[in-house]
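**Q** The following block contains a protein sequence and its predicted model.
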Amino acid sequence: MKTSNSSKTLNNNIIMWACFFTVSMFVFFLMSGKDFSFLMTYGSMSRTFGFGILNFKMHFGGKKAAGVSLKTLQLYVIVFAMRLSSIIRHEGYLPYDKTGDWLYHLIEFLSLGFSISAVYGCTVRFGRSYQSSQDSFGEMNVPPGCGALFLAVPTLLLAMFIHPTLNKDWLSDVAWTYAMYLESVALVPQLFMFQKAVGGIVEMLTAHFVFALGLGRALEFIFWFHSYQELVNNSGSASPGYIALFSQIIQALLLIDFYWYYFKAVKNSTPMVLPQHGGLSNLV
């Protein structure tokens, strides 16, 4: 029976990710023009897929908010709202291919909607199952539940002072840059919460959600690694590009341990178990 359950879990994982990659290839070959900048759209699709998994887990699967960090969700709402406020009004940071005409915007809107829906699940619909005592990142000298300010405020200040100027509009440029910087640390509360889980056990759908977000950033990193020279400020300095790369490297480092235990759990079709005093706790 245990082997049968493991096989079923593995098959479900394969089908879920196979569907995502199939849709991705469909978009690439039929809607993108096969341009390198499709990596930006691909990364956005991966984030949307991740939030779709999370919403399925909360609203249709387990119907609970246990194990999900509200702080991370709130930060992602800000990320998507800031990015949309920039790309709706200007074209400086859009993919060059045909997906930048409308599809990229649609995907970001879906991500914003999914993230708001997840916040609703944590605070209203399944509020009783939300584990606020474990979602305790940054709970120092701030009102309860406001620990995410320790990430949101410094990244905003950094974006205000160091940002590219592709849109030639201060508010729009800062909004896009803020979204990029903030997204690099938005998963920190969730990773911190994982360390508080009983026995270090992480529900697999929540793990898939985090992995999909990390995959999205990895795809965007590949794009910006080859294109960061375009992220210059008014004086021609490439410092915004270097910081953009650095911010994405930081997120990759934060997720190294997670990736290892995630792949181990998926391969063996077993629950994901993180060491409660391992690398992640040292990083966050």
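**A** Looks like it arrived, so ask away.

**Q** ok, longest helix in the chain?
**A** Scanning the chain for the longest helix, with DSSP state H as the assignment, gives helix 2-31.

**Q** Now residue 243: closest residue in space, sequence neighbours ignored.
**A** residue 162 (5.8 Å; C-beta to C-beta, 6 or more residues apart in numbering). All C-beta spots, glycine's among them, are computed from the backbone N, C-alpha and C.

**Q** Now do the contacts for the one you found.
**A** Residues near residue 162 by C-beta atoms under 8 Å, 6 or more residues apart in numbering: 177, 233, 239, 240, 243.

**Q** The fourth one and residue 234 touch, don't they?
**A** No: Residue 240 is not in contact with residue 234 according to C-beta atoms under 8 Å; the separation is 10.6 Å.

**Q** And those two? Which one has more around it.
**A** Neighbours per residue (other C-beta atoms under 10 Å) separate residue 240 from residue 234, with residue 240 holding more: 23 against 11.

**Q** where's the more buried one, which helix or strand?
**A** Assigned by DSSP states H and E, residue 240 belongs to helix 239-254.

**Q** before we move on, back to that, look up how far residue 247 lies from the residue nearest to residue 243.
**A** Distance of residue 162 to residue 247, computed by C-beta to C-beta, to the nearest Å: 11 Å.

**Q** what does residue 180 give?
**A** From residue 180 to residue 247 the distance is 6 Å (C-beta to C-beta).

**Q** The two - which one has more neighbours?
**A** More crowded of residue 180 and residue 247, by other C-beta under 10 Å: residue 180, with 25 against 21.

**Q** List phi and psi for that one.
**A** Taking degrees, to the nearest 10, you get phi -70, psi -50 for the backbone angles of residue 180.

**Q** Give me the neighbour count for the residue nearest to residue 232 when sequence neighbours are not counted.
**A** Leaving aside its chain neighbours, residue 232 sits nearest to residue 238 (5.5 Å; criterion: C-beta to C-beta, 6+ apart). Using other C-beta under 10 Å, residue 238 has 15 neighbouring residues.

**Q** same check, this time on residue 160
**A** For residue 160, the tally of surrounding residues (other C-beta under 10 Å) stands at 13.

**Q** What are the boundaries of the strands in this structure?
**A** All strands of the chain, identified by DSSP state E, fall at 201-202, 272-273.

**Q** middle-most residue in the protein, spatially?
**A** Residue closest to the mean C-alpha point of the chain, counted by C-alpha atoms, centre = their mean, is residue 213 at 3.6 Å.
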